[in-house]
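>>> using only what follows, build the 3D model:
(one chain, ligands or ions: 2)
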Amino acid sequence: MNIKSFKIILVLTLFLFPATRADEGMWIPLLIEKYNIKLMQEKGFRLSAEDIYSVNKACMKDAIVQFGGGCTGEIISSDGLLITNHHCGYSQIQKHSSLQNDYLTDGFWAMSRKEELSNPGLTVTFLKRMEDVTDKVMQGVTDAKDNNEREKIISSNINEITASATASTGYIAIIKPFYMGKQYFLFVNEIFRDIRLVGAPPSAIGKFGGETDNWVWPRHTGDFSIFRIYAGKDNKPADYSVENVPYKPLYHFPISLKGVREGDFTMVLGYPGTTTEYVPSYHIDMIKNKFNPNMIGIRTRKIEIMESAMKSDPMIRIQYSSKKAGLANSWKKWIGESQGLEKMTTIAKKQEYENRLIAWINEDSGRIEKYGNMLSDYRELYSLMSQFYVVNSYTNEVFFNSGTEAIAFARNIKPLADLYKTDFNEDQENVTKINLLESGKNFFKNYNAETDKKLFIALMTLYGENVDPLWQAPEYVKLRNSCKGDFASVADKLYSKSIFTNEARFSEFVTGFQASAVSKLNKDPFFKIALSVSDYLSVNIRPELTRINDSIQRLNRKYMTAQMEFEKDRVFYPDANSTLRVAYGNIKGYLSKDAVYYSYFTTLRGIMEKDNPGIYDYDVPARLRELYRSKDYGRYVQDGEVPVCFIADNHTTGGNSGSPVINADGQLIGVNFDRAWEGVASDIAFNPEQSRNISLDIRYALFIIDKFAGAGYLLKEMTIVQ
Ligand code: ARG
Ligand code: GLU
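Numbering: from 1, shown residues only. Ligands and ions are numbered 1, 2, ... in the order given. Below is the predicted model of the structure:
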């Protein structure tokens, strides 16, 4: 091709696809007007930046909450009705479930406000306003200051700013660093704490496809649950009380029945947790080649053990389903992430970028002085970091995080034992004992000693094989030597002896605990290991990890500055940090692999295609089958089918679960709940070709509420746009 025809094609391409700039990015609501609104409108958005975020008028931000610690939810009625994911409400639904009222299996619908169920401890957080406070936070900080001193000044500035931001308002203020600490924003929040469960579909709908379909498109999950926010009579946050009334929000989302088409504008507003888009190649190398393989390996084993126990006994299924789901969710994501990084050759691309950056640095003596050692410092730090980080994570997986459960649980008794080292009064002793007995109840409710024994044998062996002897905790080494590495030979004895493997034994021990019991405790094999591992981590591993991490953070700030100077014309979005963000793009299918193209939506027909009563994850409820057979779809159809899920290229991550998916007119069209497998590495590198967020079509939620559950009365308080 000659230059001229190339130029013509280039011009044509630009002309034909004016708005196909990649939809990467999680943007700051306050800065939409400045950086994004033009492009958003080019992509089809018909409203203004003020409609999303404003402090002068009611707007979308007033209908979005951070739900619990790690999800998002949105308000869909003037009476404080809220929708989020089923997996976000899962633990609340589980807490209200019993064998008589198994809401996880059967679903739950409050048929009147009186029947709504309260959830102590659950909160939702509204953002009232945000502000760039970088200058105030950095007051008195200079480059010359060492890290400690720097942190001290910053945290004292932060305390002052947050105190004055909330004085006598009842609001809560927090300040979060952006761009690796180059910028700081203040968030003033209002937190409600009387949140009631209104409805949830059965797991066979809300978790349809289970772990099999998790992180995968095409998807058919009705992943939603409904709550209501209650407030005091003054419409302000209040502790639970029967006197409380439904919260009157400043704004709620209208719901669109118009449907979604390929190419439509979509926007996701929510609370993404963590991304690392601007890290050096060394970090990605650590994740892809050390952290992920180690963690995937150990979790594969844990999950296998739990799964086979769950298959053998319905009681164990109930006890371990939530633990296993937690382990499997990240496990599966890490696998997809590593594959994605490999396929995109992300490390090589980053290295190539770093080489260009180094060349640019070397062009100028000022830059050499500022940034000259940056990448070689990174290399050194990451070679240390990857050791300590992996040892720390691996050790936690073995001993604590749904690993050998009795060892993890044994740690809880330490505060009681410690009491006897000091002066204490009887009240303290009683309270500590009551708390312990309570945590024992919770622990043993979901505990099966035989399963734990299998975990113990497998995990002790793996720890010995995969953690350098240099970094193994002393009590573990003693145990291994005494059984010559054959943990199966000692497991029965340890499990029948330990205080922490049997509820009756544990309760009796705690109830009768006194000073003389400390020496018995100190002989318990699992308590000994738990203490030894904890001490070992906190003396030998974590301080190093913190030290290395501090140095990396300091370099990160520099590296971010260098990247911003190097790419002067690029608008950088900050990494996710659990603050409200705006992601936008279009509804779009994708090419999954050679010759396999996935279209952008799924329907009820696909649920019936998966239907298989013999497979737990695909067992469609009879009532849903019936609705399908009789085609009793009501108004929840598009082209004759009931829509279930759709995908778009909005940039999202963990924490965006439950986020509202909004159309060009600001109406709710879906609820975000997952990402597609092929693009799951987008926390590190977004791939416009394959990174897709997966959303529940709001019409499927309405269909389930109305036609399946017979709770159509709830729709009356929503604003539904035909
Ligand atoms: N992968 C989704 C998210 O990270 C959904 C998890 C819940 N669903 C499930 N089948 N485990 O968190
Ligand atoms: N399921 C995730 C969550 O719970 C959202 C999916 C993602 O990581 O994008 O937040």
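>>> just the mean pLDDT for stretch 699-709, thanks.
For stretch 699-709, the mean per-residue pLDDT is 98.
>>> export it as CSV, just CAs?
This file holds the C-alpha atoms of stretch 699-709, laid out as CSV (Å, rounded to 0.1, in the frame of the first residue of the first chain):
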residue,chain,number,x,y,z
ARG,A,699,-36.7,-6.3,32.9
TYR,A,700,-35.7,-9.8,34.0
ALA,A,701,-35.7,-8.5,37.6
LEU,A,702,-39.2,-7.0,37.1
PHE,A,703,-40.4,-10.2,35.4
ILE,A,704,-39.2,-12.3,38.4
ILE,A,705,-40.7,-9.9,41.0
ASP,A,706,-44.0,-9.6,39.1
LYS,A,707,-44.6,-12.9,37.3
PHE,A,708,-42.5,-15.4,39.3
ALA,A,709,-42.8,-14.1,42.8
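>>> how many neighbouring residues does V260 have?
Neighbour count of V260, defined by other Cβ atoms under 10 Å: 24. (C-beta placed from N, C-alpha, C; glycine too.)
>>> H651 against M267, yeah?
No - H651 lies out of contact with M267 (Cβ atoms under 8 Å); the separation is 11.1 Å.
>>> who touches both of these two?
Listed as contacting both H651 and M267 by Cβ atoms under 8 Å, 6 or more residues apart in numbering are 583, 585.
>>> quick one: E131 is in a strand?
Yes - under DSSP: H, G, I helix; E, B strand; the rest coil, E131 sits within a strand.
>>> OK, contacts around it?
Shown in contact with E131 (Cβ under 8 Å, 6+ apart): 30, 185-186.
>>> tell me what it is bridged to.
Following DSSP bridges, E131 is listed with bridge partners L186.
>>> so how far is ligand 2 from it?
E131 is 27 Å from ligand 2, where distance means Cβ to the nearest ligand atom, to the nearest Å.
>>> again with E689
With Cβ to the nearest ligand atom as the criterion, E689 and ligand 2 are 17 Å apart.
>>> look at that residue and give its secondary structure.
Under three-state DSSP, E689 comes out as coil.
>>> list the buried residues for the helix or strand containing L437?
Under the criterion of DSSP states H and E, L437 resides in helix 426-445. Neighbour counts using 16 or more other Cβ atoms under 10 Å place 432-433, 436, 440, 443-444 of helix 426-445 among the buried residues.
>>> stretch 316-335 now?
Neighbour count says stretch 316-335 has 316-321, 323-325, 327-329, 331-335 buried, by 16+ other Cβ under 10 Å.
>>> what does stretch 705-722 give?
705-709, 711, 714, 718, 720.
>>> what is the nearest of these to ligand 2?
Of all these, ligand 2 sits closest to I705, with 21.6 Å by Cβ to the nearest ligand atom.
>>> in terms of contact, does the closest one touch K716 like I think?
No - counting by Cβ under 8 Å, I705 stays clear of K716, with 11.2 Å between them.
>>> still on that earlier bit, packing partners for whatever helix or strand comes next after the helix holding L437?
The helix or strand immediately downstream of helix 426-445 is helix 449-466, counting by DSSP H and E. Where contact means 3 or more Cβ pairs under 8 Å, 6 or more residues apart in numbering; DSSP states H and E, helix 449-466 is packed against helix 292-312, helix 374-399, helix 405-410, helix 474-482, helix 488-497.
>>> what's the helix or strand for the residue in the stretch 101-250 of the chain positioned nearest to ligand 2?
Going by Cβ to the nearest ligand atom, ligand 2 is nearest to W215 of the stretch 101-250 of the chain, at 7.9 Å. Per DSSP H and E: W215 is located in neither a helix nor a strand.
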